[in-house]
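Asks: Model the structure of this input:
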Amino acid sequence: MLALVTGASSGIGRDIARELVIRGWDVILVARRADRLKALKEELGKPAKCIRCDVSSIEECKKLHEVLQPHNIEMLVNCAGFGACGFFDETDLDTELRMINTNITAVHVLTKLFLQDFIKRNRGYILNVASIAGFFSGPYMATYYATKNYVVSLTGAIREELRQKNSRVRVCALCPGPVDTEFNDVAGVSFSATPITSKAAAHQALDGLMKGKMFIVPSFTIKSLKFVKRLLPDGLITKLCYSFQKKKKIKRGANDAFCKKC
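Replies: Okay, the predicted model is just below:
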């Protein structure tokens, strides 16, 4: 069994790769930072191989699929992504475009290409790492929330199409709240809610994928937010999100770290 994990150099992606190896999978680790990939490969040993790839590039995504198609990948984990915090009129446009390319376009391209392979074989798994943010509008992190809305919507739609085709291919989205990763440093925020560990998120993600869940939302507190959204009008929910975001500590100059850390 062979899995492809993007964003494997840190955080949830790295721990999903570790968890997959524990469960008997071989893994192909994909990220921009070759030094971190090499370190993880040395830790995981023989089951792991590395490919340096910038998934924010459509051409590199297509090339990645072309190179790996003969290897019969059985699981795709779309985990590469990052965020930014600040008023929409003040955040950096180039950073946001790169975010859209990483959080949306890469997920779209890789999901489509590998899904076509999986459907032909009538088996395979796709795990898209989204966020609880994917169910809300998020003032102060407008672009990030919007990208995760796309991932949530795309995953749900594909899942129903597969059901209509009686396909055995499984697709789901991991939608956690705060996770203790370097995401916070890159986005320039500090969450008031207690984060879960990336190891816990990875474990629950793979359990949920194997059980056929559509959305995996770790922790009861975060699940309750999804439930509350059904009860309150959208305008009020957005105001509450604004109040929540204002409690975050915005780190001035955080955008300078994007190219190094995403």
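
Asks: Might you report the residue contacts of K62?
Replies: If you count contacts by C-beta atoms under 8 Å, 6 or more residues apart in numbering, K62 has them with 109, 113. Every C-beta, even on glycine, is put in place using the N, C-alpha and C of the backbone.

Asks: make it 10 Å
Replies: Counting by C-beta atoms under 10 Å, 6 or more residues apart in numbering, K62 touches 109-110, 113.

Asks: could those be laid out in TSV, adding distance to T143 and pLDDT?
Replies: Converted to TSV, these look like this (distance: C-beta to C-beta, whole Å; pLDDT from 0 to 100):
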residue	distance to T143	pLDDT
V109	19	98
L110	20	98
L113	25	98
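
Asks: In helices only, show me these.
Replies: Applying DSSP state H to these, the entries found in helices are 109-110, 113.

Asks: Counting neighbours, which of the residues you listed comes out on top?
Replies: Using other C-beta atoms under 10 Å as the neighbour criterion, L110 leads the ones in helices among the contacts of K62 with 24 neighbours.

Asks: Run through the residues that contact that residue.
Replies: Listed by C-beta under 10 Å, 6+ apart, the contact set of L110 reads 4, 6, 30, 55, 61-62, 64-65, 76-78, 80, 126, 128.

Asks: burial count for A34?
Replies: That count, for A34 with other C-beta under 10 Å as the rule, works out to 12.

Asks: so it touches C50, yeah?
Replies: Yes: contact criterion C-beta atoms under 10 Å: A34 and C50 qualify, at 7.3 Å.

Asks: Run through the helices of the stretch 1-150 of the chain in chain order.
Replies: 11-22, 34-44, 58-68, 93-100, 106-121, 142-164 (DSSP state H, counting those that start in this stretch).

Asks: Quick check: which of those is buried the most?
Replies: Comparing the helices of the stretch 1-150 of the chain by mean neighbour count (mean count of other C-beta atoms under 10 Å), helix 11-22 comes out on top with a mean of 23.

Asks: which residues of the stretch 1-150 of the chain score low on pLDDT?
Replies: For the stretch 1-150 of the chain, no stretch has pLDDT under 70.

Asks: again, only using 90
Replies: 85, 137-138, 140 (pLDDT under 90).

Asks: that older thread, which one of the helices of the stretch 1-150 of the chain lies closest to Q204?
Replies: Judged by C-beta to C-beta, the one of the helices of the stretch 1-150 of the chain that comes nearest to Q204 is helix 11-22, at 9.9 Å.

Asks: Grab the most central residue of the protein for me.
Replies: The structure's the chain has its C-alpha centroid closest to V129; by C-alpha atoms, centre = their mean the separation is 2.7 Å.

Asks: about what we covered before: export the contacts of L110 to a markdown table and append columns for distance to P233.
Replies: Output for these, formatted as a markdown table (distance: C-beta to C-beta, whole Å):
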| residue | distance to P233 |
| --- | --- |
| L4 | 41 |
| T6 | 37 |
| V30 | 41 |
| V55 | 37 |
| C61 | 39 |
| K62 | 42 |
| L64 | 43 |
| H65 | 42 |
| L76 | 37 |
| V77 | 35 |
| N78 | 32 |
| A80 | 34 |
| I126 | 33 |
| N128 | 28 |
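
Asks: Okay, and the beta partners of V5?
Replies: Taking DSSP bridges as the rule, V5 bridges to L29, V77.
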